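Here's a sequence, model it:
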Amino acid sequence: MQGLSLSSLKKHPALIPLYVCVAAGGLGAVFYTIRLAVKSPEVTWNRKTNPEPWQEYANKQHKFYSPVRDYSKVECPAPKYTD
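Residues are numbered from 1 along each chain as shown. Here you go, the predicted model:
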């Protein structure tokens, strides 16, 4: 197919922005998935050292964007599940 090799891409330079946009979108999707896996409080990677990871985020901000609110001074409305 034309446009898939470097020599045919030189003949059709209008395809270069298409490849750049598709690559940028793919990298953005991979970056956001990795960010969700690392930063999200719903994901637990090691249960043995922290068996209740949701308690760690009781008074922290875990939203992607929150303009004004300071979560370190707000009382958490969630119930405390302890044994």
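
Can you list the low-confidence ranges for the protein?
Counting by pLDDT under 70, the chain contains low-confidence ranges at 41, 54, 57-83.

what's the domain layout of it?
As assigned by automatic domain parsing, the chain contains the domains 6-39, 45-76.

Just the C-alpha atoms of whichever strand or helix holds Tyr19, please, in CSV.
Element membership for Tyr19 (DSSP states H and E) is helix 16-39. C-alpha atoms of helix 16-39 as CSV (Å, rounded to 0.1, in the frame of the first residue of the first chain):
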residue,chain,number,x,y,z
ILE,A,16,2.8,13.0,7.3
PRO,A,17,0.4,15.1,9.5
LEU,A,18,-2.0,12.1,9.6
TYR,A,19,0.7,9.8,11.0
VAL,A,20,1.8,12.5,13.5
CYS,A,21,-1.7,12.9,14.8
VAL,A,22,-2.4,9.2,15.1
ALA,A,23,1.0,8.7,16.9
ALA,A,24,0.2,11.6,19.3
GLY,A,25,-3.2,10.3,20.1
GLY,A,26,-1.9,6.8,20.7
LEU,A,27,0.8,8.1,23.0
GLY,A,28,-1.7,10.2,24.9
ALA,A,29,-4.0,7.2,25.4
VAL,A,30,-1.1,5.1,26.7
PHE,A,31,0.1,7.9,29.0
TYR,A,32,-3.4,8.4,30.5
THR,A,33,-3.9,4.7,31.0
ILE,A,34,-0.6,4.5,32.9
ARG,A,35,-1.5,7.5,34.9
LEU,A,36,-4.8,5.9,35.9
ALA,A,37,-3.1,2.7,36.9
VAL,A,38,-0.5,4.5,39.1
LYS,A,39,-2.4,7.5,40.6
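
Around the nearest residue to Pro53 once chain neighbours are set aside, how many other residues sit close by?
Leaving aside its chain neighbours, Pro53 sits nearest to Thr44 (4.9 Å; criterion: CB to CB, 6 or more residues apart in numbering). Where C-beta positions appear, they are placed from N, C-alpha and C, glycine not excepted. Using other CB atoms under 10 Å, Thr44 has 12 other residues around it.
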